[in-house]
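> Everything below, folded, please.
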Amino acid sequence: MTGRSVAFRALQHRNFRIFISGFAVSLIGTWIQSVALSWLIYRLTHSPFLQGLTTLCTHIPILLLSPVAGLAADRFPRHRIILITQTIFLAHASVLAFLTLTNRVNVGQIMSLAVVLGLANTFDIPARQSLMILLTSKEDLLGAISLNSVAFNVARTLGPSLGGVLVAVFGEGLCFSINAVSFLAVLASLLLLKMPAAAPREKHEGEEGMAAGARYAWANTAIRNPLALCGIMTLTNAPPLVLAPFIADGLFHQGSTGLGILLAAFGLGATLGVARLASMTSSDGMLKVAGRGALLYGLALLAYALAPDFWMVAAASFVAGYAYFRQNAANNALVQSIVAERFRGRVMSFYTMMAVGMLPIGSFFTGWAADRSSPRPVLAFAAVIATAAGAAFIYYTRSMDAKECSV
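Got it, this is the predicted structure:
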């Protein structure tokens, strides 16, 4: 069986087809809103610090509460958790649209809504990641993870491009309204799923709490090392996200359209990176993929920081997206392929902490440092950290035995 047929074999599962279709629509709306919100904060404040603080408010609940959410995903129906969180997302986008369209929006409201969004995301992400195996099978899990990443990054390509144009022509309020409507597709897909009856949950002595999940993840090198790399890479991904409006408009005077181009280039590169990953027939060699992706991302980010021309920055953003999400998806596949089912929710909550929850720390310090210097040195510093992490990961995994490397 070819790599391509293995990748798309996950689509043979009815539940996965319905799930991925609904989320693909919603993800485009999410990325349209992301561009609009970034531009709205930039327009209202012109402050890198407040841009970073908004990201902090969105993601700090994930950093602090993910273990609780992971425990919930192991103890309660994941499908029901996702229905609740997606309904909250719809309400969040609707309120943001109303406030913006009626010219009542202010920074305090944006920060408060960002916390609500973060709380919902805290419970949504580990439940959604853990649901994947119930929508497909153990054999098709790698293909499902890869196709889910492809859908995410296709949306990341289309959404920012559309968002940049829509903000320039119609303003941010319409973008928030489009995102609210897009969540109807998610809710419809979730209601159409035919979930299997939940099997009685077996209790294992000493394995029931959050601490047990942490001990399990820490003791397993093939889980611990990818999680650590994922966390470092998330920290270094904060500067290009937070500072994108200041690069696009502040340095190169390209406006919201330029911001959309930079984010779309990153998303297009990411789509190609995870699409190539989807053609792999197993998780063998994923450690090497993750390490090389991290190293390439660091080098691309350095080019992003130093490029003297806007289109050179866009090209560097494309390569950075390819490399960043290639290592991110490889780390996800590594962890999901070996985690014991009884720990899946808790371990995926640790993955969520590393892949998403570390972003507020990076965002806060990005805004703080950029306010005191300028975007380029901050980006260059992040590039050095990412390059060093990738090189160290590659060196370390060379000494691991074959069983650990192939997980």
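
> Remind me what the longest helix seen in the chain packs against, helices and strands.
Longest helix of the chain, by residue count under DSSP state H: helix 14-45. Contacting helix 14-45 under the criterion 3 or more CB pairs under 8 Å, 6 or more residues apart in numbering; DSSP states H and E are the following elements: helix 48-75, helix 78-101, helix 107-135, helix 141-170, helix 172-192, helix 244-245, helix 255-278. From N, CA and C alone the C-beta is placed, and that goes for glycine too.

> which of the residues in that helix are buried?
Neighbour-count burial for helix 14-45, counted by 16 or more other CB atoms under 10 Å, picks out 15-16, 18-42.

> re earlier: in TSV, list the helices and strands packed on helix 14-45 along with distance to Ala315, mean pLDDT and mean neighbour count.
Output for the helices and strands packed on helix 14-45, formatted as TSV (distance: least, CB to CB, whole Å; pLDDT from 0 to 100; neighbours: other CB atoms under 10 Å):
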stretch	distance to Ala315	mean pLDDT	mean neighbour count
helix 48-75	24	87	22
helix 78-101	32	96	19
helix 107-135	31	91	21
helix 141-170	15	83	22
helix 172-192	26	95	21
helix 244-245	15	87	26
helix 255-278	7	83	24
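
> Save those helices as a markdown table, and put in distance to Gly362 too.
Shown next, in a markdown table, are the helices and strands packed on helix 14-45 (distance: least, CB to CB, whole Å):
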| stretch | distance to Gly362 |
| --- | --- |
| helix 48-75 | 9 |
| helix 78-101 | 23 |
| helix 107-135 | 15 |
| helix 141-170 | 18 |
| helix 172-192 | 24 |
| helix 244-245 | 14 |
| helix 255-278 | 16 |
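
> Which of the ones you listed sits closest to Ala340?
Nearest of those to Ala340, taken as CB to CB: helix 48-75 at 10.8 Å.

> Does anything pack onto the closest one? Which helices or strands?
Short answer (3+ CB pairs under 8 Å, 6+ apart): helix 48-75 packs on helix 14-45, helix 107-135, helix 210-219, helix 221-242, helix 344-352, helix 359-372.

> relative to helix 14-45, how tilted is it?
160 degrees (axes from the mean of the first three to the mean of the last three CA atoms, to 10 degrees).

> gap between helix 48-75 and the chain center?
Averaging C-alpha positions (CA atoms, centre = their mean, to the nearest Å) puts helix 48-75 12 Å from its chain's average.

> how about Ile88, what does it touch?
Ile88 makes contacts with 116, 120, as judged by CB atoms under 8 Å, 6 or more residues apart in numbering.

> The same query, at a cut-off of 10 Å, please.
For Ile88, the contacting residues are 116-117, 119-121, 123-124, 183, by CB atoms under 10 Å, 6 or more residues apart in numbering.

> Out of those residues, the closest to Ala389 would be?
Using CB to CB, Asn121 comes nearest to Ala389 of the contacts of Ile88, at 24.8 Å.

> how about the helices and strands packed on helix 14-45, which one is nearest Phe381?
Taking CB to CB, helix 48-75 is the member of those nearest to Phe381, at 14.5 Å.

> tell me the angle the closest one makes with helix 107-135.
Using the same axes, to 10 degrees: helix 48-75 against helix 107-135 is 30 degrees.

> where does the stretch 201-350 of the chain dip in pLDDT?
Applying pLDDT under 70 to the stretch 201-350 of the chain flags the ranges 201-208, 278-284.

> hmm, 50 instead?
206 (pLDDT under 50).

> I'd like to know how far the spatially closest residue to Cys175 that is not a sequence neighbour sits from His79.
Distances taken as CB to CB, 6 or more residues apart in numbering put Ala36 closest to Cys175, at 3.5 Å, once the chain neighbours are dropped. According to CB to CB, to the nearest Å, Ala36 and His79 sit 30 Å apart.
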